[in-house]
Each structure stands twice: as C-alpha cells, then as structure tokens.
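Novice: Generate coordinates for the sequence data below:
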Amino acid sequence: MKQNKTFAHVKNEAILARQTVIIEAAERVFAVKPFNKVSIRDIAREAGISHASIYRYFPDQQSLFVEAFIQGAKEIGVTLEGLIEGAKTQDIMKVSDAYVTYLMDNDQYFRMMTHFMLDGSLSAEKIEKLNDAERRVIDQFDRMFTKMKKPEPVRQLSHAFFAALNGVLITFRNYPGRTPKAVRQHMLNIARVIARSFSNT
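Specialist: Residues are numbered from 1 along each chain as shown. Take a look at the predicted model:
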C-alpha cells in the first residue's frame, strides 16, 4: 500500500537527507584530520555548503560531533549483532576481533569516543545521547555473555569487556618502534588474550 505523503513529510525527509550529507562529510574529515583540529569550516567545505548553513541543521559544533559519533556506534553495533545473533555457539574471539578491527579501521570514532569520555563540557542531553549509543554496543556484549551462559547479571562483565578492549587501543595504537602492520597485529593479539580470559571467567 502506497503511503500518503504531505509537504511536511517531504520537508522532514529533505532535512534528514541534508543532515546525513553533513554527518558523512564530518566522518570523512575526522578520518584524515585530528578530531580536536576539525572545524565547522572544514566540514562545510567537504559537504559543499557554507559553514553558516550547517547551523541550520545542527545548533552547535558539539551536536554535529555527537551525531557523527552515534553513526559510528550504530555501525559497530550492527556488526556485533550480526556476529552474536547469527552464531549458534558464541565465539568471543570473533567478537573481540570485530570490535578492535572496527576501531582500528575507523580511528575517528575511537578518537571521538575517548574525547567525549574525557570532555567535561557536554550538556546533560548530549551526554545521554552518547550514553545511549554506548549502551547499544554494551547490550550486544550482554547478549553474547548470556548466550555463553555466564552468571546473571552479565552487565558488569560486559562493562569490563568493553573497557578492556578500549584499553587495548588507548595503550597500543601509537606503539613506538613498530610498523603499522605490527601494531595492528599486536593489538589483535592482546584483544584475543582478553577474550580468552573472559571466556574462562
């Protein structure tokens, strides 16, 4: 059945489409420039609009950055869900590999996440949005540990797993004296050690 559209629907769709273009432009800029060096002008240039136009869709720079982070959290959440829900037996190694690999391949999201975790200037509304995005990822770890028949409640275990895997990136992503390939392999190896320890918990 064809859905009837009003001008309001079309207008809302156009706004969402423009917001998406801006968020995707922000993601591309974050991928090549340090997060704390990115300006609205950089993103506007990448999106092909004036910097003043961005403020029609995002009230401030932090709002745009938060929405870009949420987009990344959704992507890793979908990846984890596919691994966890689609498997008859849980392979925690595959899950840890997928999570760490995503953060290595999408360093901008990791940098945003650590920035927001340490930034004390965000409003309560923005913090709640970030917490909600983070909870969706941790929910997937809950499902994994539940399927592994770990004792309930599993939430604390999921928090520890999430923190440990993020710690791998914090500690070793700039490991001195090693090639990027060697650093990558080292981080995956450490993540697998973590996964094995959680499997035996």
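Novice: Report the buried residues of the lowest-mean-pLDDT helix or strand in the chain.
Specialist: Every helix and strand in the chain was compared by mean pLDDT, DSSP states H and E; the lowest is helix 107-118, with a mean of 80. Buried residues in helix 107-118, counted by 16 or more other Cβ atoms under 10 Å: 108, 109, 110, 111, 112, 113, 116. For glycine as for every other residue, the C-beta is placed from the backbone atoms N, C-alpha and C.
Novice: tell me which element residue 90 is part of?
Specialist: Using DSSP states H and E, residue 90 sits within no helix or strand.
Novice: tell me, what residue is most central in this structure?
Specialist: residue 73 (3.0 Å; Cα atoms, centre = their mean).
Novice: How much space separates that residue from residue 46?
Specialist: Separation of residue 73 from residue 46 (Cβ to Cβ, to the nearest Å): 21 Å.
Novice: go on, residue 122?
Specialist: Going from residue 122 to residue 46 by Cβ to Cβ gives 24 Å.
Novice: same thing with residue 182?
Specialist: In terms of Cβ to Cβ, residue 182 sits 32 Å off from residue 46.
Novice: More neighbours: these two, which one.
Specialist: Set residue 182 next to residue 46 and count neighbours by other Cβ atoms under 10 Å: residue 46 wins out with 18 against 11.
Novice: buried stuff in whichever helix or strand residue 20 is part of?
Specialist: Take DSSP H and E as the rule and residue 20 turns out to sit in helix 7-32. Residues of helix 7-32 classed as buried: 18, 19, 22, 23, 25, 26, 27, 29, 30 (neighbour count, 16+ other Cβ under 10 Å).
Novice: Which strands and helices lie in contact with it?
Specialist: Judged by 3 or more Cβ pairs under 8 Å, 6 or more residues apart in numbering; DSSP states H and E, the packing partners of helix 7-32 are helix 40-47, helix 61-85, helix 107-118.
Novice: Outline the domain layout of this structure.
Specialist: 1-58, 61-199 (automatic domain parsing).
Novice: Please identify the most buried of those.
Specialist: Of all the domains of the chain, domain 61-199 has the most neighbours on average by mean count of other Cβ atoms under 10 Å, namely a mean of 16.
Novice: end to end, how far does that one reach?
Specialist: Using Cα to Cα, to the nearest Å, one end of domain 61-199 lies 41 Å from the other.
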